[in-house]
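Engineer: mind folding the following:
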Amino acid sequence: MGSPEEDTLRSSDSAQSPSSASATTVNPNGFDEKDLVRSQQQQQLKQQRQHPLAAIPKRKPVAGAGGSGAPVVTSTAVAHDASLEEAGIAHAAATSKMTSRWSQWSSGGFNLGSRSGLGKYSRKIESKLPFAHDRRKRRFFLIGVGAGIVILIALIIGLAVGLIVGKKGTASNLPLPTNHGGPYTGDLTYYNPALGSCGITSTDSDNICAVSHLVFDVASRGSDPNQNPLCGMKLRLRRDGRSVDVTVVDRCVGCKATDIDVSPGVFAKLANIDQGRVLVQWAWLEDAPVAIPA
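Structural biologist: Numbering: from 1, shown residues only. Okay, here's the model as predicted:
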């Protein structure tokens, strides 16, 4: 027990101790409350200064069945990857097949494939070709054969065209027959043919002629001139060592009995077209139904 003054001082100290303890709270780590508030404010400032998207929480991987935290691969994703792999394999196979076929053709091969049924025949033919073991020489050989065939076809076509043009476009030098009537001598003139009395339409380049109306009318056997037996008959014209065979298709009103009127193309083969009228010899190439005085 002390004096009354000491007891009063002791009681005042015990009354102040709870307020002082509550005013200052010590953090277990050694920091007071003010330091904690200050650190929290600094953290908030740092977060505000970061990129706006940085605050978005990242997606966490879905935990597996075992709870290991590894991402789960679904069956849809596996099927999609498998289909992509199969498509890639199919594309590679198709590309390889096309490349092999192109290499066969470019190297001069004739492999038509076993499925077509022609593969064995192509191999037999290929084995019998010259240079069977040298594709380069064989290719040049086949190119040469093809070029030769093309040249031969061109020569045949040219020869045929030449024969046709030569027969139609130039004069010959053939004698006049004497066993069908003739030879006769008369004037040779030309006209522009169209639809003739025989019902045949002709052009200026055709080897045709019109005989005198005196001959045409005598041979007529009815009122239809198309049925005249002279229509379609052939005769040969000859002048200065040149001859042309023509077909009767018309009737010449202004011609004498032995005169012949022809197309401009026929006249140009026997004389100068500017002459207009020249003498000519002619004879029938087949038996005539009428007799013409020489």
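Engineer: tell me which element A154 falls in.
Structural biologist: helix 135-169 (DSSP states H and E).
Engineer: cool, and L174?
Structural biologist: Using DSSP H and E, no helix or strand contains L174.
Engineer: go on, V211?
Structural biologist: Per DSSP H and E: strand 208-212 holds V211.
Engineer: mean confidence for the helix holding A154?
Structural biologist: Confidence for helix 135-169, expressed as mean pLDDT, is 79.
Engineer: any buried residues in that helix, and which?
Structural biologist: R138 (16 or more other C-beta atoms under 10 Å). No exception for glycine: its C-beta is placed from N, CA and C like everyone else's.
Engineer: could you point out which element follows it?
Structural biologist: That would be, after helix 135-169 and using DSSP H and E, strand 184-190.
Engineer: which residues does that next one contact?
Structural biologist: With contact meaning C-beta atoms under 8 Å, 6 or more residues apart in numbering, strand 184-190 is reached by 237, 239, 255-264, 266-267, 270-271, 273, 276-283, 292, 294.
Engineer: apply 7 Å and report the result again.
Structural biologist: 237, 256, 258-264, 267, 270, 276-283, 292, 294 (C-beta atoms under 7 Å, 6 or more residues apart in numbering).
Engineer: what's the ChimeraX syntax to select whichever of the residues you listed are buried?
Structural biologist: Per 16+ other C-beta under 10 Å, the buried members of the contacts of strand 184-190 correspond to this ChimeraX selection:
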select :237,258,259,260,261,262,263,267,270,280,281,282,283,292
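Engineer: just to revisit the earlier point, and the angle for the strand holding V211 with strand 184-190?
Structural biologist: Per axes from the mean of the first three to the mean of the last three C-alpha atoms, to 10 degrees, the angle that strand 208-212 makes with strand 184-190 is 120 degrees.
Engineer: gap between the nearest residue to G265 once chain neighbours are set aside and G232?
Structural biologist: Spatial nearest neighbour of G265, excluding adjacent residues (C-beta to C-beta, 6 or more residues apart in numbering): S205 at 4.2 Å. For S205, the distance to G232 equals 19 Å [C-beta to C-beta, to the nearest Å].
Engineer: check R139 too.
Structural biologist: 57 Å.
Engineer: over to V215?
Structural biologist: Counting by C-beta to C-beta - V215 and G232 are separated by 15 Å.
Engineer: neighbour count winner among those two?
Structural biologist: With neighbours defined as other C-beta atoms under 10 Å, V215 and G232 compare such that V215 has more, 22 against 12.
Engineer: confirm the more buried one sits in a strand?
Structural biologist: No - V215 is assigned helix when assessed by DSSP: H, G, I helix; E, B strand; the rest coil, not a strand.
Engineer: can you give me the pLDDT of it?
Structural biologist: So V215 comes in at 93 (pLDDT).
Engineer: so it touches A257, yeah?
Structural biologist: Yes - between V215 and A257 there is a contact at 6.0 Å, judged by C-beta atoms under 7 Å.
Engineer: list residues touching both of the two?
Structural biologist: I292.
Engineer: residues contacting the strand ranked longest in the chain, please?
Structural biologist: With secondary structure taken from DSSP state E, the chain has its longest strand at strand 242-252. Contacts with strand 242-252, where a contact means C-beta under 7 Å, 6+ apart, come from 171-174, 193, 196-198, 200, 202, 207-213, 216, 225, 230-237, 259, 261-262, 266, 269-270, 285.
Engineer: which stretches of the stretch 51-200 of the chain aren't confidently modelled?
Structural biologist: 51-85, 87-88, 91-92, 94-133, 162-171 (pLDDT under 70).
Engineer: please repeat the previous calculation with a cut-off of 90.
Structural biologist: Scanning the stretch 51-200 of the chain for pLDDT under 90 picks out 51-145, 155, 158-182.
Engineer: domains of the chain?
Structural biologist: Listed by automatic domain parsing, the domain ranges of the chain are 110-169, 184-284.
Engineer: now tabulate these in JSON lines and tack on distance to A90.
Structural biologist: What follows is the domains of the chain, written out as JSON lines (distance: least, C-beta to C-beta, whole Å):
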{"stretch": "domain 110-169", "distance to A90": "19"}
{"stretch": "domain 184-284", "distance to A90": "66"}
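Engineer: what's the closest of these to A93?
Structural biologist: domain 110-169 (16.1 Å; C-beta to C-beta).
Engineer: among the domains of the chain, which is nearest S39?
Structural biologist: Of all these, domain 110-169 comes closest under C-beta to C-beta, at 82.2 Å.
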